[in-house]
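1. need coordinates for the below:
(one chain, ligands or ions: 1)
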Amino acid sequence: MFNLVKGTHDVILDEARKYSYIEVVLERTAELYGYKEFRTPIIETSELFLRSVGDSSDIVRKEMYTFDDKGGRSITLRPEITAGTIRSMVANKLFAMQDYPIKGYYCGPCFRYERPQQGRYRQFNQFGVECAGVIRSERDAEVISMGYNSLMMLGFQNLELKINTLGDEESRNKYKEALKEYFSQYIDTMCEDCKERFKLNILRILDCKVKEDREIIDKAPKITDFLSESAKKDFDTVLTNLDKLGIKYTIDHELVRGLDYYSGVVFEFHYTSSQGKNYGAIGAGGHYNKLIHELGGPEIEGCGYAMGIERLASVMEDDNLFTDIEQFLDVYLMPIGERAINESLSIANVIRMSGYTCDICLENKGMSQMFKKGERRDALYALIIGDNELDSHKFVLKNMMSQEQIEVKENELIDVLDDLFAEDEHDEHCHCGEDHECECENHHDDEHCHCGCHHKE
Ligand code: HAM
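-> This next block holds a predicted model:
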């Protein structure tokens, strides 16, 4: 037996199905806003993260999995996907046409050497979006509302959107000066992390959770008093648009985010499950003004967010938000005797190639054991074939739930399945995440469902 590497976990069977469900809902929602998928490498040059996430961030200072490859290059397992996505936009010359914004979504594993705890892993999965080429703050509001709506699509009801602005560079520099003056009176009495942050990135002191330090931090100057007119206007535009969209938020002037590339609006989606468990931020993001240029692109700004799939899945599990995602087996093929077993692969092949899931009992069990196996596999129909059935070219198809059975001619099997599943299909729930019956007639076709989701069964 080999142990798991600390901070990692297997995602298998039902849990893997739940992860896929979350990813599909998030991807479909991003597509509703015109985003397209980006799949970038898990390994990138270490320099990429030093330049983007920043050398004063905890991620770069303490949490990166960095190693030299056999050619002596410094390589890092990505701790986040924003940097790789923007790098790929530059490398693939997507900015050449100047047709902004470039909108990308992504999903995949990230790695951070953190202390493993509830909702915090060393290998975890992120879904995120980047909108590169933001020229108006309405776009920031659109990105935030997309994140919010994605979570609504997953069934999250009592979301808490925390929002703040880090202002533009001018405002931020003035604010940092004021913080320096204020904290220099107390820094000797504050925790070691604060002392380090005082030197590296004073804004991050506002993040400190140590109780004694909080009393000092709560009385520190607020960013609002240092915002330039344009920074104030940008933030107001975001808030007004969120108001218009009916999205509730809490302004949190201590929200500064742990990555160095942010400027302007920053936000986090928080959620406490109905069981009272606080998962911290299930998603977070913000506006960045220099990142694209720093990574070799034009002088344009961007905005994005990322969500932790593990955190979403835990909350959804706690709050019973996974509905209608059972994985049924359409047909369980039960061959009786050697001859039927020999024929079963060809019959199953026809069923599968017609789009129905099918498993075969090749273990030559008795009928009752085969039915038990079918039940354990959540089979909807059992297809029973023995010598008589092969001779007469008529099979027995049994509904596992109602126990009703019918005789089906071999050459009509797929037509019969089509009819049976078309009936079942009609009152199926739509998988877009909204809690409504899907009434569209093209549920199986490559068509838009009336609810707006673009799904094929
Ligand atoms: P972040 O806040 O570092 O932002 O991570 C985004 C989300 O990833 C978090 O809210 C959390 O749900 C999840 N997450 C982070 N660390 C862990 C962990 N150790 N275990 C489990 N889940 C975790 C970013 O990564 C930015 N790139 C977001 C962004 C995109 N900003 C602009 N565009």
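2. all contacts plus neighbour counts: C-alpha atoms, from now on.
-> OK.
3. interface residues of the stretch 151-300 of the chain facing the ligand?
-> Residues of the stretch 151-300 of the chain lying near the ligand by CA under 6 Å from any ligand atom: 281, 282, 283, 284, 285, 286.
4. among those residues, who's most crowded?
-> residue 286 (28 neighbours; other CA atoms under 10 Å).
5. so what secondary structure elements neighbour the longest helix seen in the chain?
-> As assigned by DSSP state H, the longest helix anywhere in the chain is helix 13-32. Where contact means 3 or more CA pairs under 8 Å, 6 or more residues apart in numbering; DSSP states H and E, helix 13-32 is packed against strand 102-111, strand 123-132, helix 137-153, helix 309-318.
6. winner for burial among these?
-> A comparison of the helices and strands packed on helix 13-32 by mean neighbour count, using mean count of other CA atoms under 10 Å, puts strand 123-132 on top with a mean of 24.
7. re the thing from before, immediately after the longest helix of the chain, which helix or strand?
-> strand 36-37 (DSSP states H and E).
8. follow the chain on from that following strand and name the next helix or strand.
-> Next along from strand 36-37, by DSSP H and E: strand 43-45.
9. count the residues that sit near the residue nearest to residue 210 when sequence neighbours are not counted.
-> Among residues not flanking residue 210 along the chain, residue 191 sits closest, at 7.5 Å (CA to CA, 6 or more residues apart in numbering). Neighbourhood size, residue 191 [other CA under 10 Å]: 16.
10. residue closest to the middle of the chain?
-> residue 127 (3.3 Å; CA atoms, centre = their mean).
11. run through the residues that contact it.
-> Neighbouring residues of residue 127 by CA atoms under 8 Å, 6 or more residues apart in numbering: 23, 26, 105, 106, 107, 108, 306, 307, 308, 309.
12. tell me the spacing between the fifth one and residue 393.
-> When distance is defined by CA to CA, to the nearest Å, residue 107 is 48 Å away from residue 393.
13. neighbours of residue 246, how many?
-> If we define neighbours as other CA under 10 Å, then residue 246 has 10 of them.
14. regarding it, what is its secondary structure?
-> Following DSSP: H, G, I helix; E, B strand; the rest coil, residue 246 is assigned to coil.
15. can I get the contacts of residue 127 in TSV with pLDDT and distance to the ligand?
-> Below are the contacts of residue 127 laid out as TSV (pLDDT from 0 to 100; distance: CA to the nearest ligand atom, whole Å):
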residue	pLDDT	distance to the ligand
23	98	14
26	98	14
105	98	10
106	98	10
107	98	11
108	98	11
306	98	4
307	98	4
308	97	3
309	98	7
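16. out of these, who's nearest residue 360?
-> residue 23 (30.0 Å; CA to CA).
17. list the contacts for the closest one?
-> Taking CA under 8 Å, 6+ apart as the definition, contacts of residue 23 comprise 107, 127, 309.
18. swap the cut-off to 10 Å and go again
-> Residue 23 is in contact with 17, 29, 106, 107, 108, 126, 127, 154, 309, counting by CA atoms under 10 Å, 6 or more residues apart in numbering.
19. so what sits opposite the third one in the bridge?
-> By that I understand residue 106. residue 128 (DSSP bridges).
20. quick revisit: now the longest helix of the chain, how far from the centre of its chain.
-> Here the centre of helix 13-32 is set off from its chain's centre by 7 Å, with CA atoms, centre = their mean, to the nearest Å.
21. alpha carbons of that helix, as CSV, please.
-> The C-alpha trace of helix 13-32 is given here as CSV (Å, rounded to 0.1, in the frame of the first residue of the first chain):
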residue,chain,number,x,y,z
LEU,A,13,-16.4,7.4,-8.7
ASP,A,14,-19.4,9.5,-7.5
GLU,A,15,-17.1,12.3,-6.3
ALA,A,16,-15.5,12.5,-9.8
ARG,A,17,-19.0,12.7,-11.3
LYS,A,18,-19.8,15.6,-9.0
TYR,A,19,-16.6,17.4,-9.9
SER,A,20,-17.4,17.0,-13.6
TYR,A,21,-20.9,18.3,-13.0
ILE,A,22,-19.6,21.4,-11.3
GLU,A,23,-17.1,22.0,-14.1
VAL,A,24,-19.7,21.6,-16.9
VAL,A,25,-22.1,24.1,-15.2
LEU,A,26,-19.2,26.6,-14.7
GLU,A,27,-18.0,26.1,-18.3
ARG,A,28,-21.5,26.4,-19.8
THR,A,29,-22.1,29.6,-17.8
ALA,A,30,-18.8,31.1,-19.1
GLU,A,31,-19.8,30.2,-22.6
LEU,A,32,-23.1,32.1,-22.1
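22. that one to strand 123-132, inter-axis angle?
-> Counting by axes from the mean of the first three to the mean of the last three CA atoms, to 10 degrees, helix 13-32 lies at 0 degrees to strand 123-132.
23. buried residues in helix 13-32?
-> 18-19, 21-31 (16 or more other CA atoms under 10 Å).
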